[in-house]
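In: quick one, what's the 3D model for this:
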Amino acid sequence: MASPTKPLPDYFREKNQLTNTVTFAAFFSIVFLLLSLPFSHNSWMALGNSRFFVFTVLFAAGSLLLVVLSKYLMYKTRNRVRMTYLGYIFWCLAEIVLISGMYFAIQDKNQTIRLMNYSNVVLDENVTPSKLEKITLFDNSGDLKLCVSASNLYYIESDDNYIIVWYTDGKVGLKRYMLRCRLKTVEESFKGSSLVRCHRKYIVNMDKVKVLRKEKDGYELDLDNDSIPPIPITK
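Out: Residues are numbered from 1 along each chain as shown. Next up, the predicted model:
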């Protein structure tokens, strides 16, 4: 068995060998996507006539481009930099880590939380656009956990790696729902909407704000529900 510190044979970094490696990686990735997507819960990756298909294509193309650039760099440095078996393993592991980082970055940004607008849905009654607006929340696994009307949502609170959504369903008092998600993702996903981050721990629905009040320690918000305590505002 070859020692990890033994120099890597030259043919590992020859043009034909690296080309075959990239070709095999591309073929394996396509087959894996085709087999796994029907069973996947990752809603940003999908096949068919869908805008989410663009995410799939961009991710696959970006990953392949990263591997091509990596192998090209390995080929160009073959005569100047000696590489051991251990170095080759770490090089390949670095490629996997970078591709995994791309995947989780896209998943976090596009899959965790979405704002859905039902303004184009045909209904049998006249409903104002504000009542049609739905806020859908997904956990970090991409599973749909909560869908609530924007008019019923009061605020979202951070609790370590979780968030607590405070809302009402019109039947009972204020309700809460906890799911694993970052508050920062909520903030980025709902830019331009009535949901605004006012504190490192809170995002409020500005349509529910009744009073903005200056106190001794700073500003506070009162929402139009007496059971909700004042929410602090930071600079």
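
In: quick one, strands of this protein?
Out: 113-116, 134-138, 144-149, 153-159, 162-167, 175-180, 195-199, 202-205, 209-215, 218-223, 231-233 (DSSP state E).

In: which other helices and strands does the second one contact?
Out: Read it as strand 134-138. Applying 3 or more C-beta pairs under 8 Å, 6 or more residues apart in numbering; DSSP states H and E, one finds that strand 134-138 contacts strand 113-116, strand 144-149. To be clear about C-beta, it is placed using only N, CA and C from the backbone, and glycine gets the same treatment.

In: each with direction, which strands does the longest one pair with?
Out: Yep, that's strand 144-149 we're talking about. Applying DSSP bridges to the sheet, strand 144-149 is found paired with strand 134-138 (antiparallel).

In: and the strand it pairs with, which residues are buried?
Out: By 16 or more other C-beta atoms under 10 Å, the buried positions in strand 134-138 come out as Lys134, Ile135, Leu137, Phe138.

In: which one of these is nearest to Tyr154?
Out: For those, the residue nearest Tyr154 by C-beta to C-beta is Ile135; the value is 11.6 Å.

In: now do that closest one, the pLDDT please.
Out: Among the per-residue scores, Ile135 shows a pLDDT of 82.

In: show me what it is bridged to.
Out: Under the criterion used (DSSP bridges), Ile135 bridges to Leu115, Val148.

In: my guess is it meets Asn152, correct?
Out: No: assessed by C-beta atoms under 8 Å, Ile135 is found out of contact with Asn152, at 9.1 Å.

In: which one of the helices and strands packed on strand 134-138 has the lowest average pLDDT?
Out: Confidence, taken as mean pLDDT, is least for strand 113-116 of the helices and strands packed on strand 134-138 (a mean of 50).

In: can you give me the helices for this structure?
Out: Assigned by DSSP state H, the helices in the chain fall at 15-36, 52-76, 85-110, 129-132, 183-189.

In: from those helices, which stretch is densest packed?
Out: helix 183-189 (a mean of 17; mean count of other C-beta atoms under 10 Å).

In: take that one, keep the C-alpha atoms, and write them as PDB.
Out: Only the C-alpha atoms of helix 183-189 are listed here, as PDB (Å, rounded to 0.1, in the frame of the first residue of the first chain):
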ATOM      1  CA  LEU A 183     -33.800  35.200  11.800                       C
ATOM      2  CA  LYS A 184     -31.300  36.700   9.300                       C
ATOM      3  CA  THR A 185     -32.800  34.500   6.600                       C
ATOM      4  CA  VAL A 186     -36.200  35.800   7.400                       C
ATOM      5  CA  GLU A 187     -34.900  39.400   7.200                       C
ATOM      6  CA  GLU A 188     -33.300  38.800   3.800                       C
ATOM      7  CA  SER A 189     -36.200  36.900   2.400                       C
END
